[in-house]
Structures are given as C-alpha cells and as structure tokens.
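> Sequence first, then the predicted structure:
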Amino acid sequence: MRFAAVDHLRVHAFEDEAVVFDPLSWDAHLLNPAAIAVLELLLEAPRAEDEIAAFLREALQPEEQPQASAHAQRLITELQALGLVRLSEPTASENR
C-alpha cells in the first residue's frame, strides 16, 4: 500500500510545529515535527509505509531508530484519521 497527502491542504509552519488547514472541510490541525515531516514527505509523492519508516529512521535519534516502523505506522494511522492522508492509487508500473 502507498499513501499520499490529500491534494488541497494548506500548511503554515510555526517553529517546530505546523498548522494544516483543509479548505474543503474547514478543519485545522496543529501537527508536531514528526507528523509534519511525514505529511511533507507525502505531499512530495505517494510513499509506501516502509519508505516512510526509512525516512523516519534517518531522522530519529539512534536509540529511537529500532521503533521507526512502529512510528511510521502510528503517524500514518493518525494522519488518515485526521483526513490528511489517503491511500494512493497504484501506478501502472506497480500493477505489473
């Protein structure tokens, strides 16, 4: 499975946090640094969960790196629940 950020989001950063606004639903969310980093990654392009875990592994402190997969899974679930991330349609090359 691949995940992507929804297309219409507006992101405004404040030091270590960011406010994400959805103009379709008028929902706004304050995200912590880890959540905004994952959301920004998914705004660039759809990613698989293991790609997100690898991204987090590089950003985490060495003692936290073994939990990168669990962090990725939790962040994806939370961002989906907020309506900021969705499942991405597979590309033609992924369907082969």
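Arrived safely.
> what residues are up against the residue nearest to Glu49 when sequence neighbours are not counted?
What sits nearest to Glu49 in space, not counting adjacent residues and going by Cβ to Cβ, 6 or more residues apart in numbering, is Ala72, at 5.7 Å. Every C-beta, even on glycine, is put in place using the N, C-alpha and C of the backbone. Ala72 is in contact with 38, 49-50, 52-53, 55-56, counting by Cβ atoms under 8 Å, 6 or more residues apart in numbering.
> So Ala72 versus Glu15, what's the distance?
Ala72 is 24 Å from Glu15, where distance means Cβ to Cβ, to the nearest Å.
> rewinding a little: so which of the contacts of Ala72 is the closest to Ala28?
Val38 (18.0 Å; Cβ to Cβ).
> The closest one contacts Glu78, doesn't it?
No - under the criterion of Cβ atoms under 8 Å, Val38 makes no contact with Glu78, lying 9.5 Å away.
> Which residue of the two possesses the greater neighbour count?
Val38 (26 against 15; other Cβ atoms under 10 Å).
> The more buried one belongs to a strand, doesn't it?
No - counting by DSSP: H, G, I helix; E, B strand; the rest coil, one finds Val38 to be helix, located in no strand.
> Run through the residues that contact it.
Contacts of Val38 by Cβ under 8 Å, 6+ apart are 52, 55-56, 72, 75-76, 79.
> This protein: strands as residue ranges?
With DSSP state E as the criterion, the chain has strands at 2-5, 10-14, 17-22, 27-31, 47-48, 85-87.
> now, of the ones you listed, which is deepest in the fold?
Across the strands of the chain, averaging neighbours per residue (mean count of other Cβ atoms under 10 Å) puts strand 2-5 on top, at a mean of 20.
> Any idea which helix or strand in this protein has the lowest mean pLDDT?
Using mean pLDDT, DSSP states H and E, strand 10-14 stands out as the lowest-scoring helix or strand of the chain, at a mean of 90.
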